[in-house]
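# Okay, structure incoming, though there's no sequence with it:
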């Protein structure tokens, strides 16, 4: 889920248990400004983030 005010993405299990978070404020790779949308490609695990404040879509690939 997006955490717009904290400029990050948070990941939870289906039952609401916190797993991880990523992102920090800024305009560089991996940095966000007011993310407002997130999508996940279930096959590849790639995460797409609508980084609204930076007017871009950021792509995060699994490690």
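Sure, I can see it. Remember, predicted model here, so these are calculated numbers, not experimental data.
# list the buried ones in stretch 38-50?
Neighbour-count burial for stretch 38-50, counted by 16 or more other C-beta atoms under 10 Å, picks out 38, 47, 49-50. Bear in mind the C-beta positions are built from the backbone N, C-alpha and C, glycine included.
# State the pair within those that is farthest apart.
47 and 50 (11.2 Å; C-beta to C-beta).
# Are there residues contacting both of the two? Which ones?
residue 38 (C-beta atoms under 8 Å, 6 or more residues apart in numbering).
# before we move on, the earlier item: ok, the buried residues of stretch 38-50 vs residue 8, which is closest?
Out of those, the member with the shortest distance to residue 8 (by C-beta to C-beta) is residue 49, at 9.7 Å.
# show me the contacts for that closest one.
2, 9, 23, 32, 35, 37-38, 57-60.
# Check for me that it belongs to a strand.
Yes: secondary structure of residue 49 (DSSP: H, G, I helix; E, B strand; the rest coil): part of a strand.
# Just want to check the distance between the closest residue to residue 30 other than its chain neighbours and residue 43.
Excluding the flanking residues, the one nearest residue 30 by C-beta to C-beta, 6 or more residues apart in numbering is residue 23, at 6.7 Å. From residue 23 across to residue 43, the span is 23 Å (C-beta to C-beta, to the nearest Å).
# pLDDT wise, what is the most centrally placed residue in the chain at?
Centroid-nearest residue in the chain, with C-alpha atoms, centre = their mean: residue 9, separated by 3.8 Å. As predicted, residue 9 sits at a pLDDT of 96.
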